[in-house]
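Engineer: here is a sequence with its predicted model. Questions after.
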Amino acid sequence: MTEGASVVAIGPGRVNLIGDHVDYAEGLVLPMAIDLATTISGTRGGDRIVLESDHEPHPAVVPLEVADPAAATPAWARYVAGVVAELRPEVGFTGTVTTTLPVGAGLSSSAALEVAVALALGFRGEPLALAQLTQRAEQRASGVPCGIMDQLASAAGVEGSALLIDCRSLEVTPVALPADVEVRVVHSGQERQLSGSEYAERRAAVEAAAQQIGPLRDVTDPTAVEAIGDPVLRRRARHVVTENARVLATVDALAAGDLDAVGAAMAASHASLRDDFEVSTPVLDALVERLAATPGVVGARLTGAGFGGCVVALARPGALDEGWAVAPAAGARVSASG
Ligand code: GLA
């Protein structure tokens, strides 16, 4: 892409169907890129990145040399600066950001912005490399030691399919969703408080548990976690071990068209995130309970990091009319002309 070319880059958001708080433990996750996305349009050139956003009063203005992305202002410019610091583009960019994603709702609006910025600024490579670069950008921008799920789902999306991601091998396998269910995302009304410290504390606990009994991904017998003396670490480890098994059970159940089994796995996942991993809230619990009890709903659970944010539900079309109906979409893409 030459200087002065007109560029359009699209980064989709994501929702995770099942497999939360396991990506940073080499686990299995089942997210999908969604048909709500962030789009960047503009031209390459100059010696800084200037982006106006339809959701933000102030533009992001980022120099090509960024020392500390977390210090960029306004706050949304941190994500732009994180990508610039990792990608180190040779020329700048001037353009606009528009999005159909609810910002800060748990649909990975930050990952969508990061992958779109990277593509707009000239990243070329495989979806995995794009995800790895933007994961590092997110970590530097936010200070949260996130896993790779959000960025890889956005980068590697496949229309019509969820993605089974093996966070150890980083292999991505499309998993077709049945035509007779829709995916709904319902906001709990609780602003997600993804305080870096709580997330980092959970991740550290999982790593401490692995120090004691070995990589949790290799633990197939859930009773093995009983060897962990500390009750909190034991619960955290039990969540990871059982969640990996539930992701595989969900993939099998989807292939078999066994929606009852899908719903059971989602219910068990929510209970595990609530009781063992302790990242749910009473508001999320009540919403999951209400949605799961609605006729035509296959299953419901909190999705993403927890501590507020969204619930994902699988439902027969028309069974739910609240929240956003989202469809599995293609991954991030860019086009240039001129
Ligand atoms: C956030 C992180 C992801 C993942 C989820 C929980 O979305 O960015 O890497 O850990 O929480 O599954």
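Structural biologist: Structure's in. What do you need? Numbering: from 1, shown residues only.

Engineer: what distance do you get for residue 20 to residue 122?
Structural biologist: Plainly put, residue 20 is 33 Å away from residue 122 if you go by C-beta to C-beta, to the nearest Å. C-betas here are computed from N, CA, C, even on glycine.

Engineer: do residue 150 as well
Structural biologist: Counting by C-beta to C-beta, the separation of residue 150 from residue 122 is 22 Å.

Engineer: more neighbours, those two?
Structural biologist: Using other C-beta atoms under 10 Å as the criterion, residue 150 and residue 122 rank with residue 150 on top: 29 against 18.

Engineer: element containing residue 229?
Structural biologist: Take DSSP states H and E as the rule and residue 229 turns out to sit in neither a helix nor a strand.

Engineer: quick check: closest non-adjacent residue to residue 111.
Structural biologist: residue 150 (3.9 Å; C-beta to C-beta, 6 or more residues apart in numbering).

Engineer: what secondary structure does the one you found sit in?
Structural biologist: Per DSSP: H, G, I helix; E, B strand; the rest coil, the local secondary structure of residue 150 is helix.

Engineer: do you know the pLDDT at it?
Structural biologist: For residue 150, the pLDDT comes out at 98.

Engineer: same question, residue 192
Structural biologist: Per-residue pLDDT puts residue 192 at 73.

Engineer: and it, that's in a strand?
Structural biologist: No: with three-state DSSP as the criterion, residue 192 is assigned coil and is not in a strand.

Engineer: so it makes contact with residue 106?
Structural biologist: Yes: applying C-beta atoms under 8 Å as the test, residue 192 and residue 106 come out as touching, 5.5 Å apart.

Engineer: which of these two has more neighbours?
Structural biologist: Neighbour count, other C-beta under 10 Å: between residue 192 and residue 106, residue 106 has more, with 27 against 18.

Engineer: ok, now which ones touch the more buried one?
Structural biologist: 185, 187, 192, 303, 304, 305, 308, 309, 310 (C-beta atoms under 8 Å, 6 or more residues apart in numbering).

Engineer: rerun at 7 Å
Structural biologist: Applying C-beta atoms under 7 Å, 6 or more residues apart in numbering, we find residue 106 in contact with 192, 303, 304, 309, 310.

Engineer: ok, back up a step: right, and the residue nearest to residue 111 touches residue 14 too?
Structural biologist: Yes: using C-beta atoms under 7 Å, residue 150 is in contact with residue 14, at 5.7 Å.

Engineer: what sits in contact with each of those two?
Structural biologist: By C-beta under 7 Å, 6+ apart, residue 150 and residue 14 have these common neighbours: 108, 111.

Engineer: list the contacts for the residue nearest the centre of the chain?
Structural biologist: Nearest to the mean C-alpha position of the chain, by C-alpha atoms, centre = their mean, lies residue 150 at 2.7 Å. Shown in contact with residue 150 (C-beta under 7 Å, 6+ apart): 14, 108, 111.

Engineer: how about the helix or strand containing residue 210 as PDB, C-alpha atoms only?
Structural biologist: Here residue 210 sits within helix 196-213, counting by DSSP H and E. Coordinates of each C-alpha in helix 196-213 appear next as PDB, following Å, rounded to 0.1, in the frame of the first residue of the first chain:
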ATOM      1  CA  GLY A 196      -6.600  -4.800  36.000                       C
ATOM      2  CA  SER A 197      -5.900  -5.900  39.500                       C
ATOM      3  CA  GLU A 198      -8.700  -8.400  39.800                       C
ATOM      4  CA  TYR A 199      -8.000  -9.900  36.400                       C
ATOM      5  CA  ALA A 200      -4.300 -10.100  37.100                       C
ATOM      6  CA  GLU A 201      -5.000 -11.600  40.500                       C
ATOM      7  CA  ARG A 202      -7.100 -14.400  38.900                       C
ATOM      8  CA  ARG A 203      -4.400 -15.100  36.300                       C
ATOM      9  CA  ALA A 204      -1.700 -15.200  39.000                       C
ATOM     10  CA  ALA A 205      -3.800 -17.700  41.000                       C
ATOM     11  CA  VAL A 206      -4.200 -20.000  37.900                       C
ATOM     12  CA  GLU A 207      -0.400 -19.800  37.400                       C
ATOM     13  CA  ALA A 208       0.300 -20.600  41.000                       C
ATOM     14  CA  ALA A 209      -2.000 -23.600  40.800                       C
ATOM     15  CA  ALA A 210      -0.200 -24.800  37.700                       C
ATOM     16  CA  GLN A 211       3.100 -24.500  39.700                       C
ATOM     17  CA  GLN A 212       1.700 -27.100  42.100                       C
ATOM     18  CA  ILE A 213       0.000 -29.700  39.800                       C
END
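
Engineer: what is that helix packed up against?
Structural biologist: In terms of contacts (3 or more C-beta pairs under 7 Å, 6 or more residues apart in numbering; DSSP states H and E), helix 196-213 is packed against helix 231-256.

Engineer: run through the protein and note the low-pLDDT ranges.
Structural biologist: 1-3, 193-196 (pLDDT under 70).

Engineer: quick check: longest strand of it.
Structural biologist: Longest strand of the chain, by residue count under DSSP state E: strand 28-44.

Engineer: pull out the buried positions in it.
Structural biologist: 28-40, 42-44 (16 or more other C-beta atoms under 10 Å).
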